[in-house]
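J.: here is the input, now give the coordinates:
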Amino acid sequence: MDEPLVLLPGMMCDARLFGPQIAALSATTTLHLGRFTRGETIEDMAAQALAAAPARFALAGHSMGAMVAMEMLRRAPERVSRLALMNTSPLAETPAAAAAREPQIARARAGHLEEALGGAIGPEGLAPGARRAEVMDLLRDMARRLGPEVFVRQARAMQRRPDQQATLRRAKVPVLILCGEMESLYPVVRHELMAALVPGAELQVIAGAGHAPSLEQPRAVTEALARWMRLRSLAGVRQA
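T.: The predicted structure follows:
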């Protein structure tokens, strides 16, 4: 039976964040893209994504999308058959990080979205190399198309996001934790923490990638997701 896969892009990103994976997996997997451009909180976004998702599905999210994915698992664990979390954190925003978003929000509201984006992620957030400029251009184009109002809503949601460590401890499905080795927003050690919270979780660090491994090292990410999709569900074993 075909197991549908719901993909949740990160902050200020659209389906193009997963473009290489969509192209590679669409022949064998039914893909759904979660959209949450109108939500004011991570909880709102999770509710919207769940309302549009199939009855039961595999779930993969990047950065803010992974935070939404964790909230979806918390709300409806019976609907999520497996979970992949990329370049993210299960922790609530620290007061210092929340305060640092305020100047970015002010710039976006003043019509200076490019400056706001620079404060959120710059080229240094990606791995150095020939593709860095190309990937950065795509990230900026996705953000420009979504616009400043979405930026403000998503930044506010990030500031107020809940701690999901307890959610991960309760996970009873195959879990993949994936990040770029040069990730600076959510370093590898944060992903090691996540993997330690989930019994049997797989941690994969993608060489030559930073915050956007799905674009920086698309083949490695596609292969990791394909292996994860083939894993036997452990739900019955853990519930027994």
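
J.: please count neighbours and contacts with C-alpha atoms only from this point.
T.: Will do.

J.: how many neighbours does R101 have?
T.: Neighbourhood size, R101 [other Cα atoms under 10 Å]: 18.

J.: name the helices or strands packed onto the helix or strand hosting it?
T.: Using DSSP states H and E, R101 sits in helix 95-109. Other helices and strands packing on helix 95-109, by 3 or more Cα pairs under 8 Å, 6 or more residues apart in numbering; DSSP states H and E, are helix 113-120, helix 148-159.

J.: mind listing residues that contact the first one?
T.: The contact list for helix 113-120 (Cα atoms under 8 Å, 6 or more residues apart in numbering) reads R101, P103, Q104, I105, R107, A108, R140, A143, R144, G147, P148.

J.: off-centre distance for that helix?
T.: 19 Å (Cα atoms, centre = their mean, to the nearest Å).

J.: is it possible to get TSV of the contacts of helix 113-120 that adds pLDDT and distance to H191?
T.: Below are the contacts of helix 113-120 laid out as TSV (pLDDT from 0 to 100; distance: Cα to Cα, whole Å):
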residue	pLDDT	distance to H191
R101	94	22
P103	94	28
Q104	94	26
I105	95	27
R107	94	31
A108	94	30
R140	93	25
A143	94	25
R144	93	29
G147	95	30
P148	95	30
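
J.: nearest to F57 among the residues you listed?
T.: A143 (27.3 Å; Cα to Cα).

J.: who are the neighbours in contact with the nearest residue to the closest one once chain neighbours are set aside?
T.: Excluding the flanking residues, the one nearest A143 by Cα to Cα, 6 or more residues apart in numbering is M12, at 4.8 Å. The contact partners of M12, by Cα under 8 Å, 6+ apart, come to L139, M142, A143, L146, V150, F151, Q154.

J.: so what's the second one up against?
T.: This points to M142. M12, C13, D14, R16.

J.: buried subset of those residues as a PyMOL selection?
T.: Only the buried entries of the contacts of M142 go into this PyMOL selection, using 16 or more other Cα atoms under 10 Å:
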select buried, resi 12+13+14
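
J.: related to what we said a few turns ago, among the helices and strands packed on helix 95-109, which is nearest R38?
T.: helix 148-159 (7.1 Å).

J.: what's that closest one in contact with?
T.: 11-12, 37-42, 64, 92-93, 97-98, 101, 105, 108-109, 111, 113, 143.

J.: hmm, 7 Å instead?
T.: 11-12, 37, 39-42, 93, 98, 101, 105, 108-109, 113 (Cα atoms under 7 Å, 6 or more residues apart in numbering).

J.: among those residues, which ones are buried?
T.: Here, 16+ other Cα under 10 Å leaves M11, M12, T37, G39, E40, T41, I42, E93, R101, I105, A108, L113 buried among the contacts of helix 148-159.

J.: any chance of CSV for the contacts of M12, columns distance to T29?
T.: Compiled in CSV, the contacts of M12 are given as follows (distance: Cα to Cα, whole Å):
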residue, distance to T29
L139, 25
M142, 25
A143, 27
L146, 27
V150, 29
F151, 31
Q154, 29
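
J.: of those residues, just say which sits nearest to M72.
T.: Nearest to M72 among the contacts of M12, with distances taken as Cα to Cα, is Q154, at 16.7 Å.

J.: now R109, nearest residue through space, not along the chain?
T.: Per Cα to Cα, 6+ apart, closest to R109 is P148, 6.6 Å.

J.: pull out the buried residues from the contacts of helix 113-120.
T.: R101, Q104, I105, R107, A108, R140, A143, R144, G147, P148.
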